[in-house]
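>>> Kindly return the folded structure for what I paste below:
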Amino acid sequence: MQSMTTLDGAFLLAGRVLFAALFVYSARGHIQRHPQYVRVATGKLPIAFLAACPPAST
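Numbering: from 1, shown residues only. Coordinates of the predicted model:
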């Protein structure tokens, strides 16, 4: 088994950082648009009380 070179390690680290950034960016959008997501989900769930989701105030 060959050991990893410095360049291999740099590529691996860059890939991990970009992969984590994808989730951070997505979470930021979900947090900012939370009320919109609640309104959409409340209208589409057939039995909303099972999801413990309070109805969205209008």
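>>> burial count for residue 41?
Close neighbours of residue 41, defined as other CB atoms under 10 Å, add up to 13. Backbone N, C-alpha and C define where each C-beta goes, glycine included.
>>> Show me the shaky parts of the protein.
Scanning the chain for pLDDT under 70 picks out 1, 43-58.
>>> how about the helices of it, start to end?
In the chain, helices defined by DSSP state H lie at 6-32, 34-44, listed in chain order.
>>> Need the winner for burial among those.
For the helices of the chain, the largest average neighbour count (mean count of other CB atoms under 10 Å) is found in helix 34-44, namely a mean of 12.
>>> now that one and helix 6-32, what's the angle there?
70 degrees (axes from the mean of the first three to the mean of the last three CA atoms, to 10 degrees).
>>> now helix 34-44: how far from the chain's centre is it?
Per CA atoms, centre = their mean, to the nearest Å, the displacement of helix 34-44 from the mean C-alpha position of its chain is 16 Å.
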